[in-house]
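# okay, predicted coordinates and the sequence, questions at the end:
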Amino acid sequence: MAFFGLFKSKKEQQETLDKGLEKSNESVLSKISRAIIGKSTVDDDVLDQLEEALVTSDVGVETTLRIIERIQKRVAKDKYLGTGELNRILVEETSTLLAENETKEGVDALSFSNVNGTPYVIMVVGVNGVGKTTTIGKLAWQFKKLGKKVYLGAADTFRAAAVEQLCIWGERVGVPVIKQQQGSDPASVAFDTVASAKANGADIVLIDTAGRLHNKVNLMNELTKMRNVMQKVIPGAPHEVMLVLDGSTGQNAFEQAKQFTKATQVTSLAITKLDGTAKGGVVIGISDQFKIPVKYIGLGEKAEDLQPFDTDAFVRSILGLKA
C-alpha cells in the first residue's frame, strides 16, 4: 500500500513513524537493554528477561511466547549468538510473525477499480472514542487524493454527534455524506448509502457504525442486518470490515478486538493514537493473536498522519533498529 508516498517521501514517512512511536520505542528499548545488560551471549536468563520486557510492553503473553520460541530456535542453531545481534533477530522474527497475517490475494480499496459500476464497500466498526469517525474522514481524504469517488454513510444513528462529525469531515474533504435523522435504522442508512453510491458511480463507500458494546447480541444483530441490506444492492458487500482500535488503551484494545471479532467478521484493523503513548507493542500482539492484518496506524492529528501499515518499518522503528 504505497499510496502514502504520494504525499510524503520515503524518508518523511520513516520520520513520521519514528516520531509517532518515540515513546513506545523508548519504553521497549529500555526494557530490552535491562534484559541484556552485562551479558555477552543470549542465554536462558536473557530470554526470560526479554520475555518480561515484551509482555510488559503490551505485546501480549501469547505473542511474546511465540516470538521467544522463534528466537530460541535461532539461538539453538548458533551457539555463539551475541546479545549485540539480539535486536536484529528480534526484528526479523517479529516481522516474519506479523507478515503471516498479511493478505496476499484479493482486492482492497487501493487496488480496486470500478469497472462494472459497483463500488468497494468498507464497513467501519469500533467502540465510541477510539477515533472511528475521524479515521473514516482521513481515509476519505486520502482516497479522494488518489482520484477515487468516495461516499460516506452516517449509520451511527445512535449518537447525533457522530453524524455531525462525519458531515463535518464530508464537507472538509468534499465528499457526499448519506444520513438520516438520529435514531433511524442504521441498516436503512447503509442501504441508502450503497444505493446512492452505486447509482452515482462511486468507487469507494465508507460506512460508519454505532460503537456500542454493552449488548453484544444486539450489536451482532445490527451489523448482520446492515450486511444483509447492503447485499441486496451490491452482492458481497461489505467487501471489508475494518475494526478501529485505540492503541493507547493497551490491553483494553485486546478485549475490544475479542468482542468485535465475535460480533462480526473483521477483515482488517486500523490502530489509532499511537503517538504520545508507550503502548505501541499492542499492534504486534493484536495482529498476531487475531490473525487479522493491520492496514493503517494513526500517528497524529493530521489527515496524512493516518499511515498505511508497513510491517518491517514498524517493527524496526519500535525496536530501535534503523533500516
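Perfect, I can see it now. Predicted model only: the values in this text are computed from it and were never measured.
# helices or strands up against the helix or strand harbouring Glu52?
Following DSSP states H and E, one finds Glu52 within helix 44-55. Contacts of helix 44-55 with other secondary structure elements, assessed using 3 or more CB pairs under 8 Å, 6 or more residues apart in numbering; DSSP states H and E, are made with helix 22-36, helix 61-77, helix 86-99. C-beta here means a position set from N, CA and C on the backbone, and glycine is covered the same way.
# ok, 6 Å please
Contacting helix 44-55 under the criterion 3 or more CB pairs under 6 Å, 6 or more residues apart in numbering; DSSP states H and E are the following elements: helix 22-36, helix 61-77.
# okay, those helices, which one's buried deepest?
helix 22-36 (a mean of 18; mean count of other CB atoms under 10 Å).
# and that helix with helix 44-55, angle?
Put simply, helix 22-36 runs at 160 degrees to helix 44-55, going by axes from the mean of the first three to the mean of the last three CA atoms, to 10 degrees.
# could you dump helix 22-36 to PDB, C-alpha only?
Provided in PDB are the C-alpha atoms of helix 22-36 (Å, rounded to 0.1, in the frame of the first residue of the first chain):
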ATOM      1  CA  GLU A  22       9.000   7.500  20.000                       C
ATOM      2  CA  LYS A  23       7.500   6.800  23.500                       C
ATOM      3  CA  SER A  24       6.900   3.200  22.600                       C
ATOM      4  CA  ASN A  25      10.400   2.900  21.200                       C
ATOM      5  CA  GLU A  26      12.000   4.400  24.400                       C
ATOM      6  CA  SER A  27      10.000   2.100  26.600                       C
ATOM      7  CA  VAL A  28      10.700  -1.100  24.800                       C
ATOM      8  CA  LEU A  29      14.400  -0.400  24.300                       C
ATOM      9  CA  SER A  30      14.900   0.500  27.900                       C
ATOM     10  CA  LYS A  31      13.400  -2.900  28.900                       C
ATOM     11  CA  ILE A  32      15.400  -4.800  26.400                       C
ATOM     12  CA  SER A  33      18.600  -3.000  27.500                       C
ATOM     13  CA  ARG A  34      18.000  -4.100  31.100                       C
ATOM     14  CA  ALA A  35      17.500  -7.700  29.900                       C
ATOM     15  CA  ILE A  36      20.900  -7.900  28.200                       C
END
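# dead centre of this protein: give me the residue that sits there.
Ala270 (2.0 Å; CA atoms, centre = their mean).
# for the closest residue in space to Gly300 that isn't next to it in sequence, give me the pLDDT.
Using CB to CB, 6 or more residues apart in numbering and skipping the chain neighbours, the partner closest in space to Gly300 is Asp275 (5.2 Å). According to the model's per-residue confidence, Asp275 sits at a pLDDT of 91.
# pretty sure Asp275 is in a strand, no?
No - assessed with DSSP: H, G, I helix; E, B strand; the rest coil, Asp275 is coil; it does not lie in a strand.
# tell me the SS of the residue nearest to the centre of the chain?
Secondary structure assignment for Ala270 (three-state DSSP): strand.
# coming back round to it: how deep is the residue nearest to Gly300 tucked in, by neighbour count?
Here the number of neighbours of Asp275 (other CB atoms under 10 Å) works out to 21.
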